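1. Next one to model:
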Amino acid sequence: MSKPHVIVYTDGACSGNPGPGGWGALLQWKGKERTLSGSAPHTTNNRMELTAVIEALRALKRPCRVSIHSDSALIINAFTQGWVDNWLRRGWKRADKKPVENRDLWELLLEAMQPHDVEWVKVKGHADDDRNNRVDRLAVEACKQQGSSG
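-> Sure thing, here's the model as predicted:
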């Protein structure tokens with residue numbers, strides 16, 4: 001039996017960097033949709049981008065083929081250009097010997113990916129991709145709610 005194919009769009013937003021942040025995700029499967037979003041009071045844009053992908057993967061109830069669409073060059077390149085493999089080989093150090101930032105979230109992301117076959121798709125941010133624009137709005141709205149609740 002083949003794994004279901006889920007299309008996922010994710011985005012993160014931050015007001016200030018660091019500052020209040022939000023994330024959004026859209027999951028699509030067989031004509032059905034589910035949106036997710038959340039926020040953090042003091043965070044960075046990269047942490048929100050990573051959180052969006054982690055939470056989208058965690059929302060899946062069984063192993064899937066997942067196409068993750070993101071406008072985060074950091075996340076896409078980390079997997080498509082082998083950065084994560086290099087970080088692991090070097091003990092979570094970058095090529096310049098400095099520690100990888102947000103290691104805690106990268107480790108959670110690797111764990112969340114385990115049961116799935118993940119494909120990484122780079123999308124252009126703030127362009128004409130309706131689904132990317134939707135998750136951007138979810139992330140910005142979550143960020144605004146966080147900012148107003150502090």
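2. quick one: contacts for the most centrally placed residue in the chain?
-> Closest to where the C-alpha atoms of the chain average out (CA atoms, centre = their mean) is residue 53, at 2.8 Å. Counting by CB atoms under 8 Å, 6 or more residues apart in numbering, residue 53 touches 8, 10, 25, 68, 70, 75, 109, 112. In this view, the C-beta of every residue, glycine as well, is placed from N, C-alpha and C.
3. again, but for residue 10
-> Contacts for residue 10 (CB under 8 Å, 6+ apart) come out as 23-26, 49, 52-53, 56, 68-70, 72, 135.
4. mind checking the longest helix of this protein?
-> Across the chain, the longest stretch assigned as helix under DSSP state H is helix 130-149.
5. Next, the angle helix 130-149 makes with the helix or strand where residue 47 lies.
-> Element membership for residue 47 (DSSP states H and E) is helix 45-58. Note on geometry: by axes from the mean of the first three to the mean of the last three CA atoms, to 10 degrees, helix 45-58 and helix 130-149 are set 120 degrees apart in direction.
6. Off-centre distance for helix 45-58?
-> Centroid displacement of helix 45-58 relative to its chain, using CA atoms, centre = their mean, to the nearest Å, is 3 Å.
7. buried sites along that helix?
-> For helix 45-58, burial by neighbour count (16 or more other CB atoms under 10 Å) applies to 45-57.
8. ditto for stretch 6-26
-> Counting neighbours by 16+ other CB under 10 Å, stretch 6-26 gives 6-14, 19-26 as buried.
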